[in-house]
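Chemist: predicted model and sequence below, questions to follow.
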Amino acid sequence: MPQADRITENVAGVRERIAAAAAASGRSADDVTLVAVTKYVGPNVIRAVVGAGCTRLGESRPQQLWSRAAEIDDLRVEWHLIGHLQRNKVQRTLPLVAMIQSVDSLRLAAAINEAAAVSGRITPILLEVHISDDASKHGFEPDELDRTLQDLAGLEHVRIGGLMCMAGLEGGLAGAQRDFAALRRLRDRLRANCPPQIDLRELSMGMSGDYEVAIREGATIVRVGSALFEGVVE
Ligand SMILES: *Cc1c(COP(=O)(O)O)cnc(C)c1O
């Protein structure tokens, strides 16, 4: 099968499963945004993914996002940064992205705010939460967020739209479900007395192995990579 057809088929399959999981949680497919994570593939495959209707793309490494964005800058897409951002890379990243999903400290949020202010823009961000037991993951600690939301609310050039997490590497689907449910509960609790500038509507959670579980736990954004590229050889 030609590569573009394979990708079209993979995208359709993922969209069907998203719709089914959304329906199972009483929502519609439109309530869940698919971000296609392109970190494994090159520009030709990315073009095929965009051709198959995925116009929101995610990269976890800033430098790779910069080069991918340049390689397909003739296409209308929205880039989401989904991995750790060092403060010295903020300025270069900001003009390229529609959203930074992986803001994991107040210092980073402040740096984004400052750079956004200089260029007169308001940058949509999500707050990454370290919800699992994994020691290696970035993110705000859940208790830390209670205290930090007030400070974050003072940053006028970022728009905080919700929370993001990755499930722990161990623990399988049951562990992932527990982590996703914990993020949703945290969101619900924070929302109850959240500063009015902050809207915690979005929950970005779920990847190829667990996006259906995430949607059933309330995900509004899923970040899917490898499932879109099954059977695709470059
Ligand atoms: C790579 C990555 C994904 C996608 O992972 P797949 O398992 O390939 O779907 C999602 N989120 C983040 C933060 C990632 O780094």
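Modeler: Arrived safely, thanks for sending.
Chemist: so which residues make contact with the least confident helix or strand in the chain by mean pLDDT?
Modeler: One helix or strand of the chain scores below all others by mean pLDDT, DSSP states H and E: helix 142-153, with a mean of 94. Applying C-beta atoms under 8 Å, 6 or more residues apart in numbering, the contact partners of helix 142-153 are 106, 109, 127, 129-131, 140, 158, 160, 182, 186, 190, 194-195, 197-198. To be clear about C-beta, it is placed using only N, CA and C from the backbone, and glycine gets the same treatment.
Chemist: tell me which of those fall in helices.
Modeler: Using DSSP state H, the subset of the contacts of helix 142-153 located in helices is 106, 109, 182, 186, 190.
Chemist: pretty sure the last one contacts Leu200?
Modeler: If I follow you right, that is Leu190. Yes - with contact defined as C-beta atoms under 8 Å, Leu190 reaches Leu200; the gap is 5.9 Å.
Chemist: burial count for Leu149?
Modeler: 20 (other C-beta atoms under 10 Å).
Chemist: kindly report the same for the one 3 residues further on.
Modeler: For Leu152, the neighbour count with other C-beta under 10 Å is 21.
Chemist: write a PyMOL command that selects only the buried members of the contacts of helix 142-153.
Modeler: Restricted to buried positions by 16 or more other C-beta atoms under 10 Å, the PyMOL selection for those reads:
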select buried, resi 106+109+127+129+130+131+140+158+160+182+186+190+194+198
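Chemist: pull up the residues of this protein that are close to the ligand.
Modeler: 37, 39, 60, 82-83, 166, 207-209, 223-227 (C-beta under 6 Å from any ligand atom).
Chemist: pull out the buried members of the residues you listed.
Modeler: 37, 39, 60, 82-83, 166, 207-208, 223-225, 227.
Chemist: can you redo the residues you listed as JSON lines with secondary structure?
Modeler: As requested, these are exported to JSON lines (DSSP: H, G, I helix; E, B strand; the rest coil):
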{"residue": "Val37", "secondary structure": "strand"}
{"residue": "Lys39", "secondary structure": "coil"}
{"residue": "Ser60", "secondary structure": "coil"}
{"residue": "Ile82", "secondary structure": "coil"}
{"residue": "Gly83", "secondary structure": "coil"}
{"residue": "Met166", "secondary structure": "coil"}
{"residue": "Met207", "secondary structure": "coil"}
{"residue": "Ser208", "secondary structure": "coil"}
{"residue": "Arg223", "secondary structure": "strand"}
{"residue": "Val224", "secondary structure": "strand"}
{"residue": "Gly225", "secondary structure": "coil"}
{"residue": "Ala227", "secondary structure": "helix"}
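Chemist: next, format these as a markdown table and append pLDDT.
Modeler: Below are these laid out as a markdown table (pLDDT from 0 to 100):
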| residue | pLDDT |
| --- | --- |
| Val37 | 98 |
| Lys39 | 96 |
| Ser60 | 98 |
| Ile82 | 98 |
| Gly83 | 98 |
| Met166 | 95 |
| Met207 | 98 |
| Ser208 | 98 |
| Arg223 | 98 |
| Val224 | 98 |
| Gly225 | 98 |
| Ala227 | 97 |
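Chemist: and those residues, which two are furthest apart?
Modeler: Spatially, the most separated pair among those is Gly83 and Ala227, at 18.4 Å (C-beta to C-beta).
Chemist: so where do the strands sit in the protein?
Modeler: Using DSSP state E, the strands assigned to the chain run over residues 33-37, 56-59, 78-81, 99-103, 123-128, 158-164, 202-204, 221-224.
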